[in-house]
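Asks: give the three-dimensional model of this entry:
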Amino acid sequence: MTINRIAGRTLPLLLLCGLIEARPAGAPASDSLGIEQAVAIALEHQPAMRQSSANREAAQAGLTIARSNYFPQITGTATLTHTDGAFVFSPTVTPTNQRYNTYTTGIAATQTVLDFGKMVSKVIAGSQLVDAAAYDDYATRLSVIMNARVSYYGLMQAVQVVSADQEAVDKAEEHLKQTRAFYSVGTRAQFDVTKAEVDLANANVALIKAKNGAKIAQLQLEDAMGIQSASPILVTSSFPADSFALSLDSVRAFARQHRPELLAAAARVEANKSLVTAAWAQHMPNLVASGAYNWTNFNLPLLSRWNIGLTLTFPIFQGFATQAGVDQARAGEESAQATYDLLQESIMLEVEQYYLNLRAAQEEIAATDKLVEEAEQSLTLAEKQYAAGVGGLIEVTDARQSLADAHITRIQSLYDYSTALVRLHLAMGDLK
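Replies: Have a look, this model is predicted:
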């Protein structure tokens, strides 16, 4: 196995799972890649996870920067100045040339004593943005899980379609042999042989398309997991039979409380409210304490001195910048609130759509079970009539095609139910 996308790294999970040729539905799957293993690989290697983690770290760093204003700002300085040239002291004194060095070193500190809520509001906003980034990170995690599960089901579907089409090819080959035997003894016409050959060719074409679909489905699963494999992936053969009993109203209420994108948007609304407060506080004065201790002289040793003081700054006129900052912050708050409202509507629409899709898929599964049963009975009857010489080949061909279509329809309904269930859980913010 080769992993091309992740340089210098290996995937022991994949090696343990044995990425080998996918087998037909019903075959033993002890060495298959399980869906939970696919999810674990995706969570470890998907670039989207690294991106959301970096965004969360950036938000945390922003909060640290906002909190830094609570602490004293301490700076140290060291200066060496060389002076050389003429000095003019007064019109009555002749200028003189002088050359000397000045040595200065010191330490200074400032501490904001009172700023009428500027720092507090910015720290609160920073904390709320950290919360939003955490919700975004969780939303990304859910999205990665959903994509991995849906892609896994897609490969399951594709493999089962290959199995169904392979079974159709096998039946067509058997029927061709039977038709040729009947033709050789004169009980069937050449037309039946030709028709059986055409049916076999059509079945082979469908199988080729199905195998290509399985290859594409594997590529989609690899992309969802964030890896590339040189070997075909073996997946399990049975779709899950998980049930879902919650009502639509319960699902909506759960989504409002747990959907991480909605929680992130709400946190950003609160953060923008705090930024409005911080912007308005720019109208208020600042009280800052400062102190310094310096050593200076023209020669060593240096002589020391210190100072300490309080500075009260009143903003009188900043060219309308302060009020513009408040207006800008309020516009940001309105935009964040509008984003929240739009997102809530979109999420409620998603929830309802996936809920209806899930219920429809449940009904389709029951209907397709009956469809497969009837198609199998129809094919059995048509084959018996053909073997007895009282039925035509066209009836057998139609019955065989109906059975193949019924199998694929059932596979599609199982896929639709499984993916609808995953998407509904994602829409609710409750995907494990």
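Asks: CA only for contacts and neighbour counts going forward, please
Replies: OK.
Asks: nearest residue to residue 41 in space, please, no chain neighbours.
Replies: residue 225 (5.8 Å; C-alpha to C-alpha, 6 or more residues apart in numbering).
Asks: mind checking the pLDDT average for the strand of greatest length in the chain?
Replies: Longest strand in the chain, counting residues (DSSP state E): strand 96-114. If you average the pLDDT over strand 96-114, you get 91.
Asks: numbering from 836 from now on, please.
Replies: With 836 as the first residue, the last one maps to strand 931-949.
Asks: only C-alpha atoms, please: export that strand in CSV.
Replies: Once side chains and other backbone atoms are set aside, the C-alpha atoms of strand 931-949 remain, and they are given as CSV (Å, rounded to 0.1, in the frame of the first residue of the first chain):
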residue,chain,number,x,y,z
THR,A,931,33.8,75.0,20.8
ASN,A,932,34.3,71.5,19.4
GLN,A,933,33.4,68.7,21.8
ARG,A,934,33.4,64.9,21.7
TYR,A,935,31.8,62.7,24.3
ASN,A,936,29.6,59.6,24.8
THR,A,937,26.3,59.4,26.7
TYR,A,938,25.3,56.2,28.4
THR,A,939,21.6,55.6,29.3
THR,A,940,19.8,52.5,30.5
GLY,A,941,16.5,52.0,32.3
ILE,A,942,13.3,50.2,32.9
ALA,A,943,9.8,51.7,32.6
ALA,A,944,6.3,50.4,33.4
THR,A,945,2.8,51.5,32.7
GLN,A,946,-0.4,50.1,34.1
THR,A,947,-4.0,51.1,33.1
VAL,A,948,-5.8,51.9,36.3
LEU,A,949,-9.2,52.8,34.9
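Asks: contacts for that strand next, please.
Replies: With contact meaning C-alpha atoms under 8 Å, 6 or more residues apart in numbering, strand 931-949 is reached by 904-923, 1121-1134, 1137.
Asks: any of the residues you listed buried? List them.
Replies: 904, 1121, 1123-1125, 1127, 1129-1131 (16 or more other C-alpha atoms under 10 Å).
Asks: would you map the helices across this structure?
Replies: Listed in chain order, the helices found in the chain under DSSP state H are 847-852, 870-880, 882-902, 953-1019, 1025-1060, 1083-1093, 1095-1115, 1156-1222, 1228-1263.
Asks: quick one on the thing from earlier: taking the buried ones among the contacts of strand 931-949, tell me the two that lie furthest apart.
Replies: Comparing every pair within those by C-alpha to C-alpha identifies 1121 and 1131 as the most remote, at 31.0 Å.
Asks: for the protein, give me the ranges with low pLDDT.
Replies: Applying pLDDT under 70 to the chain flags residues 836-866, 1228.
Asks: so what does the spatially most distant residue from the centre of it have for phi and psi?
Replies: For the chain, the C-alpha farthest from the mean C-alpha position belongs to residue 927; by C-alpha atoms, centre = their mean, that distance is 81.6 Å. Per-residue torsions, residue 927: phi -90, psi -10 (degrees, to the nearest 10).
Asks: ok, now residue 1153?
Replies: Backbone dihedrals for residue 1153, given as degrees, to the nearest 10, come out at phi -120, psi 30.
Asks: got it, and residue 1077?
Replies: Comment: the main-chain dihedrals of residue 1077 come out as phi -60, psi 140, following degrees, to the nearest 10.
Asks: check the burial of it by counting its neighbours.
Replies: By other C-alpha atoms under 10 Å, 8 other residues sit near residue 1077.
Asks: one more: residue 1043?
Replies: Other residues within reach of residue 1043 by the criterion other C-alpha under 10 Å amount to 15.
Asks: how about residue 1005?
Replies: Residue 1005: 15 surrounding residues under other C-alpha under 10 Å.
Asks: repeat that for residue 1027.
Replies: Taking other C-alpha under 10 Å as the criterion, the count of residues near residue 1027 is 18.
Asks: just list the residues touching the closest residue in space to residue 966 that isn't next to it in sequence, thanks.
Replies: The shortest distance from residue 966 to any residue that is not its chain neighbour, by C-alpha to C-alpha, 6+ apart, is 6.6 Å, and that residue is residue 1102. Taking C-alpha under 8 Å, 6+ apart as the criterion, residue 1102 is in contact with 963-964, 966-967.
Asks: can you tell me how far residue 916 is from residue 1067?
Replies: According to C-alpha to C-alpha, to the nearest Å, residue 916 and residue 1067 sit 73 Å apart.
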